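Peer 1: Test case, fold it:
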Amino acid sequence: MNSLADIVQVNLLLESNSFSSDVNAMKNKLWNRPFFKAAMVAGAILIAILAYWNLTSSYLEIYIPVASYHDKDIWSTEGRGSYSYIEGGQKYYVLRYTGTSYYEVNKWNWVSEIAAYFDEQMTNRGWERSENIYTEGDPAAPETEFLPYGDGDNDRGYVVYVKKDDLWGKDGHAVVAISRIAPQTPSCCRVDGFHISLTTVRPSLMTQINSNVD
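Peer 2: Predicted coordinates for the structure are as follows:
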């Protein structure tokens, strides 16, 4: 004769098997629905795309032509890299161009003249100068740590640009740094030229998403 404990155990086992069968039946019913299948496949594809985009370098490409002695432009070096904040984990992709503009080619005497040229070029591309971000230096552009912000100094300075619909540069920004090179011969009327760097910064996809959520 079975004990009460054995009977309870058997009943629990039957109920468990019945519950598992119901769950499996529900899964099969859902999976057999075309919409559910499509939603699951689309979700998996979306997750894969987001993961790939977040792990793949995504640079902000902005080309500004500046005349030089060469056939193309002044840009002589190009660098690509990234940096991350230890706290928070935000990641940014950095693209840098550097070059030297000589007076004999562009006739620029002052930082403000160069900044005005970049203002025009960036405006034509949907960007505008910002007075809100990185006014005390930008980790992506090391020269901003010792250059004054703005174009008020005749010899050196840097300016920052953001998209016209992105006031705080959450989706990316650009920095133009300018510093005078010493003339080879004394002159009171002009300089030989300026060192110029153009740096663009774009946050990773996850950094953009977290920034927009905040």
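
Peer 1: Residue 196 should be in a strand, yeah?
Peer 2: Yes: under the criterion used here (DSSP: H, G, I helix; E, B strand; the rest coil), residue 196 sits inside a strand.

Peer 1: Point out where this protein drops to low pLDDT.
Peer 2: Within the chain, the ranges that satisfy pLDDT under 70 run 1-57, 183-191, 208-214.

Peer 1: now with 80?
Peer 2: 1-57, 70-71, 88-89, 182-191, 205-214 (pLDDT under 80).

Peer 1: can you list the domain ranges for this structure.
Peer 2: Taking automatic domain parsing as the criterion, the chain consists of the domains 4-54, 60-213.

Peer 1: For burial, what's the neighbour tally of residue 156?
Peer 2: The criterion is other CB atoms under 10 Å. On that basis, residue 156 has 17 neighbouring residues. C-beta coordinates here come from the backbone N, C-alpha and C atoms, glycine included.

Peer 1: quick one, what contacts it?
Peer 2: Residues in contact with residue 156, defined by CB atoms under 8 Å, 6 or more residues apart in numbering, are 111, 147-148, 178-180.

Peer 1: what's the answer for residue 126, then?
Peer 2: Going by CB under 8 Å, 6+ apart, residue 126 touches 163-164.

Peer 1: for this protein, what spans make up the helices?
Peer 2: With helices called from DSSP state H, the chain shows them at 4-31, 34-55, 103-106, 111-124, 205-213.

Peer 1: Filter the contacts of residue 156 down to the buried ones and hand me the PyMOL line.
Peer 2: Buried residues within the contacts of residue 156, by 16 or more other CB atoms under 10 Å, are selected in PyMOL with:
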select buried, resi 111+147+178+179+180
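
Peer 1: can I get the contacts of residue 156 in TSV with distance to residue 76?
Peer 2: What follows is the contacts of residue 156, written out as TSV (distance: CB to CB, whole Å):
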residue	distance to residue 76
111	20
147	20
148	25
178	16
179	15
180	18
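
Peer 1: wait, which of the contacts of residue 156 is closest to residue 65?
Peer 2: When these are compared for distance to residue 65 (CB to CB), residue 178 comes out closest, at 16.3 Å.

Peer 1: ok, so what distance separates that closest one from residue 80?
Peer 2: Distance of residue 178 to residue 80, computed by CB to CB, to the nearest Å: 22 Å.

Peer 1: Residue 157 too?
Peer 2: Here residue 157 is placed at a distance of 25 Å from residue 80 (CB to CB).

Peer 1: Repeat that for residue 113.
Peer 2: 29 Å.

Peer 1: out of the two, which sits in the busier spot?
Peer 2: Neighbours were tallied for residue 113 and for residue 80 using other CB under 10 Å; the higher tally belongs to residue 113 (15 against 10).

Peer 1: wait, isn't residue 204 in contact with residue 94?
Peer 2: No: with contacts counted by CB atoms under 8 Å, residue 204 stays clear of residue 94, the gap being 11.7 Å.

Peer 1: Skipping its backbone neighbours, what lies nearest residue 80 in space?
Peer 2: Taking CB to CB, 6 or more residues apart in numbering, and ignoring the residues beside it in sequence, residue 80 has residue 95 as its nearest neighbour in space, at 5.5 Å.

Peer 1: Right, I'll call it a day here.
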